[in-house]
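S.K.: Here is the input, now give the coordinates:
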Amino acid sequence: MENFVDIEDVVTHDSLIFERAYSLIHDRIPFEERSDALEFVVTLDKASRREFYPDNYHMLAAKRGSEVVGTATGYYISEINMGFINTLVVGERCTGGGIGTCLREGLIQRLEQDARDSKHKTLAGVLGEVEQSNPWLMKLISDLKVFVPDIEYIQPPLREKLSERILVLYVQARQPFKKIRRSRMVEVVRAIYRNIYDIETPESNRFFQRIVGSFVNRNYISEKKL
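M.R.: Numbering: from 1, shown residues only. Purely as a prediction, here's the structure:
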């Protein structure tokens, strides 16, 4: 079958599959939007030693024969019992063939197991960030009914001397919903800043403050109209 791929876990940076997967990330994601190779290496090594437990980190590769045609990374964040899809890349010649969907589904399966390992019955949801203009967002909304909260969402700078990015945060839950409590929204954003961006005290971060300030006077956050 033309679009058949095998989804494999990347468990060590000292491997050809990691080199090929990171090469895709390097080639397909602009410098200002991706982490350095060393950060991928360190994170993968920590995950292999279970240093994040009860949190976790996964890196997957989609292979067609010996060729890596896509890769994805994601985190399980135990404090909110949610997954976070951090990176999802498909080779330029392979877009539109369902590889991204296969990678996403593979990640979610692993995140669901992380939730069970952390003594939760089920995973509460899956988070992700995208630019509002990204066609992938509309696919997620139409196919998976993801919830996009009506907030100002900011990705903090990934490196020194880089600017923050205004993105769209989405939430995929088992049952679609149309609003979320303010307190839960704060918990989710705090967990992202602390666990994904290594900001130890988000409350002191000016970008976190801007996000929370955008819905401070609302008890519930409704869906953003796109």
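
S.K.: going forward, measure contacts and count neighbours with C-alpha atoms only.
M.R.: OK.

S.K.: Can you say which helix or strand has residue 210 in it?
M.R.: Using DSSP states H and E, the element containing residue 210 is helix 206-213.

S.K.: List the neighbouring strands of the helix or strand that residue 221 is a member of plus their orientation.
M.R.: Assessed by DSSP H and E, residue 221 sits inside strand 220-222. Strand 220-222 has its sheet partners listed here by DSSP bridges as strand 179-181 (antiparallel).

S.K.: hang on, the earlier thing: give the buried residues for the helix holding residue 210.
M.R.: Neighbour-count burial for helix 206-213 flags 207, 208, 211, 212 (criterion: 16 or more other Cα atoms under 10 Å).

S.K.: Kindly report the same for stretch 39-46.
M.R.: Result for stretch 39-46 [16+ other Cα under 10 Å]: buried residues 41, 43, 44, 45.

S.K.: Please apply the same query to stretch 20-32.
M.R.: 20, 21, 22, 24, 25, 26.

S.K.: now the fourth one, what's its secondary structure?
M.R.: Right, residue 24. helix (DSSP: H, G, I helix; E, B strand; the rest coil).

S.K.: Enumerate every residue touching it.
M.R.: Residues counted as contacts of residue 24 (Cα atoms under 8 Å, 6 or more residues apart in numbering) are 69, 70, 71, 89, 90, 91.

S.K.: Surely residue 218 is in contact with residue 182?
M.R.: Yes - taking Cα atoms under 8 Å as the definition, residue 218 is a contact partner of residue 182 at 6.7 Å.

S.K.: Of those two, which one has the most company?
M.R.: residue 182 (18 against 11; other Cα atoms under 10 Å).

S.K.: Report the contact partners of the more buried one.
M.R.: By Cα under 8 Å, 6+ apart, the neighbours of residue 182 are 215, 216, 218, 219, 220, 221.

S.K.: Give me the pLDDT value at it.
M.R.: Per-residue pLDDT puts residue 182 at 98.

S.K.: Show me the beta-bridge partners of residue 87.
M.R.: residue 73.

S.K.: residues in contact with residue 33?
M.R.: With Cα under 8 Å, 6+ apart, residue 33 has these contacts: residue 158.

S.K.: and it, what pLDDT?
M.R.: pLDDT, residue 33: 91.

S.K.: Kindly report the same for residue 97.
M.R.: pLDDT, residue 97: 80.

S.K.: Report the secondary structure state of it.
M.R.: Assignment for residue 97 (three-state DSSP): coil.
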